[in-house]
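# how would this look folded up:
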Amino acid sequence: MRLLAKFSLIFVLVFGAGLGAAAYLFYGLLQRNAREQVLYNAQLMMETALAMRSYTFGQVKPALEDTMEQQRAAQSQDQADQIFRDLCAKRGLVGKRVFRPQTVGAFAATELFVHLRKNYPDYSYKEAAPNPTNPRNRPLDWEEDVIKAFKNRPDLKLFNGERDTPLGRSLFLARPLRATKDCLECHSTPGNAPPEMLKIYGTANGFGWTEGDVIAAQIVSVPVSLPVQMANHAFRRLLASLILVGIVTLLVLDAVLYATVIRPVSLFAARADEISKGQLDVPELEVRGKDEISILAYAFNRMHRSVAAAMKMLESEPEAPSESSEE
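I've put the predicted structure just below:
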(Lines give C-alpha, C1' and ligand atoms only; values in the text may rest on other atoms or scores of the structure.)
Protein backbone atom coordinates (compact mmCIF):
# COMPACT_ATOMS: atom_id res chain seq x y z
CA MET A 1 0.00 0.00 0.00
CA ARG A 2 1.35 3.41 -0.93
CA LEU A 3 2.15 6.02 1.69
CA LEU A 4 -0.63 8.35 0.56
CA ALA A 5 -3.19 5.55 0.76
CA LYS A 6 -1.96 4.59 4.24
CA PHE A 7 -2.24 8.20 5.41
CA SER A 8 -5.75 8.50 3.96
CA LEU A 9 -6.83 5.28 5.64
CA ILE A 10 -5.43 6.42 8.99
CA PHE A 11 -7.17 9.79 8.63
CA VAL A 12 -10.48 8.13 7.78
CA LEU A 13 -10.23 5.81 10.81
CA VAL A 14 -9.27 8.59 13.21
CA PHE A 15 -11.84 11.00 11.79
CA GLY A 16 -14.51 8.30 11.84
CA ALA A 17 -13.82 7.57 15.51
CA GLY A 18 -13.97 11.28 16.32
CA LEU A 19 -17.15 11.67 14.29
CA GLY A 20 -18.77 8.82 16.16
CA ALA A 21 -17.88 10.34 19.54
CA ALA A 22 -19.10 13.76 18.41
CA ALA A 23 -22.35 12.25 17.10
CA TYR A 24 -22.96 10.53 20.42
CA LEU A 25 -22.43 13.76 22.35
CA PHE A 26 -24.26 16.08 19.97
CA TYR A 27 -27.33 13.87 19.59
CA GLY A 28 -28.25 14.20 23.27
CA LEU A 29 -27.46 17.91 23.19
CA LEU A 30 -29.65 18.48 20.14
CA GLN A 31 -32.50 16.54 21.74
CA ARG A 32 -32.34 18.76 24.84
CA ASN A 33 -32.08 21.92 22.76
CA ALA A 34 -35.07 20.93 20.63
CA ARG A 35 -37.13 20.21 23.74
CA GLU A 36 -36.17 23.57 25.23
CA GLN A 37 -37.04 25.28 21.95
CA VAL A 38 -40.48 23.70 21.90
CA LEU A 39 -41.10 24.69 25.53
CA TYR A 40 -39.92 28.20 24.74
CA ASN A 41 -42.38 28.40 21.84
CA ALA A 42 -45.13 27.13 24.13
CA GLN A 43 -44.26 29.75 26.74
CA LEU A 44 -44.25 32.43 24.05
CA MET A 45 -47.72 31.33 22.99
CA MET A 46 -48.87 31.51 26.61
CA GLU A 47 -47.53 35.05 26.87
CA THR A 48 -49.40 35.91 23.67
CA ALA A 49 -52.62 34.50 25.13
CA LEU A 50 -52.08 36.45 28.36
CA ALA A 51 -51.45 39.60 26.37
CA MET A 52 -54.69 38.99 24.49
CA ARG A 53 -56.55 38.54 27.78
CA SER A 54 -55.11 41.78 29.15
CA TYR A 55 -55.91 43.63 25.95
CA THR A 56 -59.48 42.32 25.97
CA PHE A 57 -60.07 43.26 29.61
CA GLY A 58 -58.23 46.55 29.44
CA GLN A 59 -59.34 47.96 26.07
CA VAL A 60 -61.89 45.89 24.14
CA LYS A 61 -64.38 45.45 26.96
CA PRO A 62 -64.33 49.10 28.18
CA ALA A 63 -64.53 50.41 24.62
CA LEU A 64 -67.51 48.20 23.83
CA GLU A 65 -69.26 49.15 27.07
CA ASP A 66 -68.68 52.85 26.38
CA THR A 67 -70.08 52.45 22.86
CA MET A 68 -73.20 50.75 24.13
CA GLU A 69 -73.62 53.36 26.87
CA GLN A 70 -73.36 56.18 24.35
CA GLN A 71 -75.93 54.51 22.15
CA ARG A 72 -78.34 54.16 25.06
CA ALA A 73 -77.83 57.80 26.02
CA ALA A 74 -78.39 58.95 22.47
CA GLN A 75 -81.54 56.89 22.30
CA SER A 76 -82.99 58.43 25.51
CA GLN A 77 -82.28 61.95 24.24
CA ASP A 78 -83.98 61.41 20.90
CA GLN A 79 -87.35 59.91 21.70
CA ALA A 80 -88.67 60.97 18.32
CA ASP A 81 -86.39 58.65 16.40
CA GLN A 82 -88.56 55.55 16.72
CA ILE A 83 -86.86 53.72 13.87
CA PHE A 84 -83.45 54.07 15.55
CA ARG A 85 -84.85 52.86 18.86
CA ASP A 86 -86.43 49.83 17.26
CA LEU A 87 -83.19 49.02 15.48
CA CYS A 88 -81.18 49.28 18.69
CA ALA A 89 -83.77 47.21 20.54
CA LYS A 90 -83.51 44.47 17.93
CA ARG A 91 -79.74 44.42 18.38
CA GLY A 92 -80.01 44.18 22.16
CA LEU A 93 -78.66 47.63 22.95
CA VAL A 94 -81.69 49.14 24.71
CA GLY A 95 -81.98 49.50 28.45
CA LYS A 96 -80.20 46.35 29.45
CA ARG A 97 -76.72 45.00 30.05
CA VAL A 98 -75.48 43.10 27.02
CA PHE A 99 -73.10 40.14 27.19
CA ARG A 100 -70.55 39.64 24.43
CA PRO A 101 -68.28 36.55 24.63
CA GLN A 102 -65.60 38.53 22.77
CA THR A 103 -65.16 40.70 25.87
CA VAL A 104 -64.12 37.65 27.92
CA GLY A 105 -60.35 37.21 28.09
CA ALA A 106 -60.44 33.42 28.09
CA PHE A 107 -62.70 33.37 25.03
CA ALA A 108 -60.48 35.87 23.18
CA ALA A 109 -57.29 33.96 24.04
CA THR A 110 -58.75 30.63 22.93
CA GLU A 111 -60.05 32.08 19.67
CA LEU A 112 -56.67 33.71 19.05
CA PHE A 113 -54.99 30.33 19.41
CA VAL A 114 -57.42 28.80 16.92
CA HIS A 115 -56.02 31.16 14.30
CA LEU A 116 -52.47 30.65 15.55
CA ARG A 117 -52.75 26.90 15.04
CA LYS A 118 -53.08 27.44 11.30
CA ASN A 119 -49.33 28.09 11.25
CA TYR A 120 -48.47 25.86 14.24
CA PRO A 121 -50.76 22.83 13.89
CA ASP A 122 -48.77 20.69 16.33
CA TYR A 123 -49.48 23.01 19.26
CA SER A 124 -52.78 22.96 21.17
CA TYR A 125 -54.02 25.43 23.79
CA LYS A 126 -56.57 25.11 26.54
CA GLU A 127 -57.57 27.02 29.65
CA ALA A 128 -58.65 24.08 31.77
CA ALA A 129 -60.88 25.11 34.70
CA PRO A 130 -62.45 22.91 37.38
CA ASN A 131 -65.48 25.23 37.53
CA PRO A 132 -65.73 26.63 34.00
CA THR A 133 -68.42 28.78 32.49
CA ASN A 134 -67.86 27.33 29.03
CA PRO A 135 -68.07 23.50 28.99
CA ARG A 136 -65.22 23.26 26.48
CA ASN A 137 -62.85 24.36 29.26
CA ARG A 138 -63.74 21.45 31.53
CA PRO A 139 -60.47 19.68 32.49
CA LEU A 140 -59.47 16.12 31.76
CA ASP A 141 -58.10 13.88 34.50
CA TRP A 142 -54.48 14.80 33.92
CA GLU A 143 -55.40 18.49 33.64
CA GLU A 144 -57.09 18.29 37.03
CA ASP A 145 -53.81 17.01 38.47
CA VAL A 146 -52.01 20.00 37.00
CA ILE A 147 -54.54 22.41 38.54
CA LYS A 148 -54.22 20.68 41.93
CA ALA A 149 -50.44 21.05 41.72
CA PHE A 150 -50.82 24.81 41.29
CA LYS A 151 -53.31 24.99 44.17
CA ASN A 152 -51.08 22.99 46.51
CA ARG A 153 -47.95 24.95 45.56
CA PRO A 154 -48.72 28.68 45.38
CA ASP A 155 -45.08 29.42 44.48
CA LEU A 156 -45.23 27.23 41.36
CA LYS A 157 -45.29 29.51 38.30
CA LEU A 158 -44.62 27.05 35.46
CA PHE A 159 -44.99 23.32 35.21
CA ASN A 160 -43.98 21.03 32.35
CA GLY A 161 -44.02 17.30 31.83
CA GLU A 162 -44.95 14.44 29.53
CA ARG A 163 -48.03 12.27 29.29
CA ASP A 164 -49.30 9.36 27.23
CA THR A 165 -51.97 9.96 24.61
CA PRO A 166 -53.62 7.69 22.02
CA LEU A 167 -51.31 9.29 19.44
CA GLY A 168 -48.14 8.87 21.50
CA ARG A 169 -46.22 10.83 24.09
CA SER A 170 -47.11 14.49 24.50
CA LEU A 171 -45.14 17.35 26.06
CA PHE A 172 -47.04 20.07 27.92
CA LEU A 173 -46.34 23.40 29.60
CA ALA A 174 -48.80 24.84 32.12
CA ARG A 175 -49.25 28.11 34.01
CA PRO A 176 -51.85 28.97 36.71
CA LEU A 177 -54.61 31.53 36.19
CA ARG A 178 -55.97 33.32 39.26
CA ALA A 179 -59.25 35.15 39.73
CA THR A 180 -59.12 38.95 39.59
CA LYS A 181 -61.63 41.68 40.37
CA ASP A 182 -62.58 41.83 36.70
CA CYS A 183 -63.44 38.14 36.79
CA LEU A 184 -65.69 38.56 39.85
CA GLU A 185 -67.92 41.02 37.99
CA CYS A 186 -69.51 38.04 36.26
CA HIS A 187 -68.37 35.00 38.25
CA SER A 188 -69.07 35.83 41.90
CA THR A 189 -72.80 34.94 41.90
CA PRO A 190 -75.36 34.28 39.17
CA GLY A 191 -77.15 37.47 40.20
CA ASN A 192 -74.20 39.61 39.14
CA ALA A 193 -73.82 37.92 35.76
CA PRO A 194 -75.41 39.34 32.59
CA PRO A 195 -78.71 37.61 31.77
CA GLU A 196 -77.47 36.82 28.27
CA MET A 197 -74.51 34.95 29.78
CA LEU A 198 -76.89 32.89 31.92
CA LYS A 199 -79.00 32.09 28.86
CA ILE A 200 -75.93 30.79 27.03
CA TYR A 201 -74.12 28.91 29.82
CA GLY A 202 -76.68 28.54 32.62
CA THR A 203 -76.18 29.00 36.36
CA ALA A 204 -74.71 25.62 37.29
CA ASN A 205 -71.04 26.43 36.64
CA GLY A 206 -68.65 29.35 36.57
CA PHE A 207 -69.67 31.01 39.85
CA GLY A 208 -68.41 31.21 43.41
CA TRP A 209 -64.92 32.34 42.43
CA THR A 210 -62.75 34.08 45.02
CA GLU A 211 -60.15 36.69 44.18
CA GLY A 212 -56.65 35.21 44.13
CA ASP A 213 -57.75 31.58 43.84
CA VAL A 214 -56.45 29.33 41.05
CA ILE A 215 -59.46 29.12 38.73
CA ALA A 216 -57.77 27.54 35.70
CA ALA A 217 -54.50 26.51 34.13
CA GLN A 218 -53.13 27.61 30.79
CA ILE A 219 -51.92 24.45 29.08
CA VAL A 220 -50.03 24.24 25.80
CA SER A 221 -49.48 20.70 24.51
CA VAL A 222 -47.29 19.43 21.71
CA PRO A 223 -46.36 15.88 20.63
CA VAL A 224 -42.97 14.66 21.84
CA SER A 225 -42.33 13.60 18.26
CA LEU A 226 -42.00 17.28 17.25
CA PRO A 227 -38.80 18.02 19.23
CA VAL A 228 -37.51 14.57 18.25
CA GLN A 229 -38.05 15.39 14.58
CA MET A 230 -36.41 18.78 15.04
CA ALA A 231 -33.42 17.18 16.76
CA ASN A 232 -33.10 14.43 14.13
CA HIS A 233 -33.24 16.98 11.32
CA ALA A 234 -30.56 19.11 12.97
CA PHE A 235 -28.51 15.98 13.71
CA ARG A 236 -28.59 14.86 10.07
CA ARG A 237 -27.57 18.30 8.89
CA LEU A 238 -24.74 18.36 11.43
CA LEU A 239 -23.47 14.93 10.37
CA ALA A 240 -23.65 15.86 6.70
CA SER A 241 -21.71 19.04 7.39
CA LEU A 242 -19.04 17.22 9.40
CA ILE A 243 -18.64 14.53 6.74
CA LEU A 244 -18.32 17.19 4.04
CA VAL A 245 -15.74 19.04 6.12
CA GLY A 246 -13.87 15.75 6.65
CA ILE A 247 -13.80 14.98 2.93
CA VAL A 248 -12.56 18.46 2.04
CA THR A 249 -9.98 18.29 4.82
CA LEU A 250 -8.75 14.90 3.60
CA LEU A 251 -8.41 16.16 0.03
CA VAL A 252 -6.49 19.24 1.16
CA LEU A 253 -4.22 17.21 3.44
CA ASP A 254 -3.57 14.66 0.69
CA ALA A 255 -2.64 17.45 -1.72
CA VAL A 256 -0.33 19.06 0.82
CA LEU A 257 1.16 15.69 1.77
CA TYR A 258 1.75 14.84 -1.88
CA ALA A 259 3.42 18.18 -2.62
CA THR A 260 5.59 18.33 0.51
CA VAL A 261 6.38 14.67 1.26
CA ILE A 262 5.26 12.10 -1.32
CA ARG A 263 6.61 13.87 -4.40
CA PRO A 264 10.08 14.66 -2.88
CA VAL A 265 10.40 11.15 -1.48
CA SER A 266 9.44 9.65 -4.86
CA LEU A 267 12.10 11.81 -6.50
CA PHE A 268 14.68 10.66 -3.94
CA ALA A 269 13.78 7.04 -4.69
CA ALA A 270 14.09 7.56 -8.46
CA ARG A 271 17.50 9.26 -8.13
CA ALA A 272 18.72 6.56 -5.77
CA ASP A 273 17.64 3.91 -8.28
CA GLU A 274 19.55 5.69 -11.08
CA ILE A 275 22.69 6.03 -8.96
CA SER A 276 22.54 2.36 -7.98
CA LYS A 277 22.62 1.52 -11.70
CA GLY A 278 25.81 3.52 -12.19
CA GLN A 279 24.32 6.72 -13.58
CA LEU A 280 26.35 9.19 -11.53
CA ASP A 281 25.89 12.18 -13.81
CA VAL A 282 22.32 12.87 -12.72
CA PRO A 283 21.70 16.41 -11.43
CA GLU A 284 21.57 17.07 -7.72
CA LEU A 285 18.31 17.50 -5.90
CA GLU A 286 17.04 21.03 -5.33
CA VAL A 287 17.26 22.09 -1.68
CA ARG A 288 14.74 24.63 -0.38
CA GLY A 289 14.13 25.62 3.18
CA LYS A 290 15.35 24.00 6.38
CA ASP A 291 12.69 21.39 7.06
CA GLU A 292 13.30 17.66 7.32
CA ILE A 293 12.74 17.08 3.58
CA SER A 294 15.33 19.77 2.75
CA ILE A 295 17.81 18.23 5.20
CA LEU A 296 17.20 14.84 3.62
CA ALA A 297 17.76 16.31 0.13
CA TYR A 298 20.98 17.98 1.30
CA ALA A 299 22.23 14.70 2.80
CA PHE A 300 21.26 12.82 -0.39
CA ASN A 301 23.24 15.27 -2.54
CA ARG A 302 26.24 14.92 -0.27
CA MET A 303 26.01 11.14 -0.51
CA HIS A 304 25.71 11.47 -4.30
CA ARG A 305 28.87 13.55 -4.45
CA SER A 306 30.71 11.14 -2.18
CA VAL A 307 29.74 8.15 -4.29
CA ALA A 308 30.72 9.95 -7.49
CA ALA A 309 34.10 10.96 -6.03
CA ALA A 310 34.73 7.42 -4.80
CA MET A 311 33.94 6.00 -8.21
CA LYS A 312 36.34 8.45 -9.87
CA MET A 313 39.11 7.51 -7.47
CA LEU A 314 38.61 3.86 -8.23
CA GLU A 315 38.68 4.51 -11.94
CA SER A 316 41.92 6.57 -11.73
CA GLU A 317 43.94 3.94 -9.81
CA PRO A 318 46.27 1.76 -12.04
CA GLU A 319 45.50 -1.88 -12.27
CA ALA A 320 47.83 -4.17 -10.36
CA PRO A 321 50.00 -6.45 -12.64
CA SER A 322 48.94 -10.03 -12.81
CA GLU A 323 51.28 -12.95 -11.76
CA SER A 324 51.43 -14.39 -15.27
CA SER A 325 52.89 -11.15 -16.70
CA GLU A 326 55.64 -11.06 -14.06
CA GLU A 327 56.89 -14.49 -15.06
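# can we go C-alpha only for contacts and neighbour counts from here?
Fine.
# assign P283 to helix, strand or coil.
The three-state label for P283, taken from DSSP: H, G, I helix; E, B strand; the rest coil, comes out as coil.
# please report the distance of it from G289.
19 Å (C-alpha to C-alpha, to the nearest Å).
# could you do R305 as well?
In this structure, R305 and G289 are separated by 21 Å, where distance is defined by C-alpha to C-alpha.
# which residues in the stretch 51-200 of the chain form helices?
61-77, 82-90, 105-116, 141-152, 181-187, 195-201 (DSSP state H, counting those that start in this stretch).
# which ones are touching T110?
A49, Y125, K126, E127 (C-alpha atoms under 8 Å, 6 or more residues apart in numbering).
# neighbours around the closest residue to the second one other than its chain neighbours, how many?
Sequence neighbours aside, V220 is the residue nearest to Y125 in space, at 4.6 Å (criterion: C-alpha to C-alpha, 6 or more residues apart in numbering). Under the neighbour criterion other C-alpha atoms under 10 Å, V220 is assigned a count of 22.
# for V220, list each beta-bridge partner.
Counting by DSSP bridges, V220 forms beta bridges with Y125, L173.
# I'd say it and F172 touch.
Yes: taking contact to mean C-alpha atoms under 8 Å, the distance of 5.6 Å between V220 and F172 places them in contact.
# got any residues that touch both of those two?
With C-alpha under 8 Å, 6+ apart as the test, V220 and F172 reach no residue in common.
# shaky segments in this structure?
Low-confidence segments of the chain (pLDDT under 70): 1, 52-107, 112, 317-327.
# residue contacts, the most centrally placed residue in it?
A centroid search over the chain (C-alpha atoms, centre = their mean) returns A34, at 4.4 Å, as the residue closest to the centre. For A34, the contacting residues are P227, V228, M230, A231, taking C-alpha under 8 Å, 6+ apart as the criterion.
# so which bits of stretch 171-186 are buried?
Buried residues in stretch 171-186, counting neighbours by 16 or more other C-alpha atoms under 10 Å, are found at L171, F172, L173, A174, R175, P176, L177, A179, C183, L184, C186.
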